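K.L.:
Show me how the following folds:
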Amino acid sequence: MTHDLVAALRPLLTAEASAEAPASGSEPGDLEQAVWLRLLERLEAGAPPSDPPEWLRRAVRAEARRSRRTARLERPYDAEPADEARPGPEQTALTAARYRALRAAVRRLPGRCPRLLEALLSPEDPTYREIAGELGISQGALGPERSRCLGCLRRLLAPEVVARQARG
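P.N.:
You can find the predicted model right below:
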């Protein structure tokens, strides 16, 4: 019965959808598809239309109204394209991975170096006086200590940096 109903309604649906589509701002095929879906939902629910041709006409008009409402509410995206100067998601992920690798290398340093470099990398941006007070060393000793720690970090990271980038 379903197959016979679909075959009988196909020409009527094509004609109705073609007539309503220009005014609704949609394609006839889109209207047809929406109405077929509505019909199949009704048939699955066990509520076939009592007057299929009349039901089909009303369904096409209802879908056309829905399409017009949707078209009225939709607005084109007029915003500027993504800022090319800002890093994209891939670059952001790579930067985060490098930052995690740096933090892991800092934690592997000897002595006071991890605490000193973590303080220097801190987002709070403490002054040398604050860092020296936190580490319990004089402010004058902070510069040489920092140089020594950065040298250790450079040697620790040298194999990783050389392996990642071709030189020359």
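
K.L.:
switch to C-alpha atoms for all contacts and neighbour counts from now on
P.N.:
Noted.

K.L.:
who's in contact with Asp61?
P.N.:
You called it Asp, but residue 61 is Arg. Glu20 (CA atoms under 8 Å, 6 or more residues apart in numbering).

K.L.:
Distance check, it against Ser67.
P.N.:
10 Å (CA to CA, to the nearest Å).

K.L.:
Around Leu40, how many other residues sit close by?
P.N.:
16 (other CA atoms under 10 Å).

K.L.:
neighbours of Leu135, just the number please.
P.N.:
14.

K.L.:
whoops, I mixed them up, Leu13
P.N.:
24.

K.L.:
pretty sure it is touching Gln33, no?
P.N.:
No. Using CA atoms under 8 Å, Leu13 is not in contact with Gln33, being 9.8 Å away.

K.L.:
Next, the buried residues of the helix or strand bottoming out on mean pLDDT in the chain.
P.N.:
Least confident helix or strand of the chain, by mean pLDDT, DSSP states H and E, is helix 139-164 with a mean of 83. Residues 142, 146, 149-150, 152-153 are the ones in helix 139-164 that count as buried (16 or more other CA atoms under 10 Å).

K.L.:
For the residue most central in space within the chain, give me the pLDDT.
P.N.:
Closest to where the C-alpha atoms of the chain average out (CA atoms, centre = their mean) is Pro89, at 9.0 Å. pLDDT recorded at Pro89 is 85.

K.L.:
tell me the domain ranges of this structure?
P.N.:
The record's domain parsing of the chain by automatic domain parsing lists 2-73, 89-164.

K.L.:
Next, the distance between the ends of the shortest one.
P.N.:
The separation between the terminal residues of domain 2-73, taken as CA to CA, is 36 Å.

K.L.:
now it: how far from the chain's centre is it?
P.N.:
Computed by CA atoms, centre = their mean, to the nearest Å, the chain-centroid distance of domain 2-73 equals 35 Å.

K.L.:
Could you give the average pLDDT over it?
P.N.:
89.

K.L.:
Which residue ranges of this protein form helices?
P.N.:
With helices called from DSSP state H, the chain shows them at 2-24, 28-44, 52-73, 89-107, 113-121, 128-135, 139-164.
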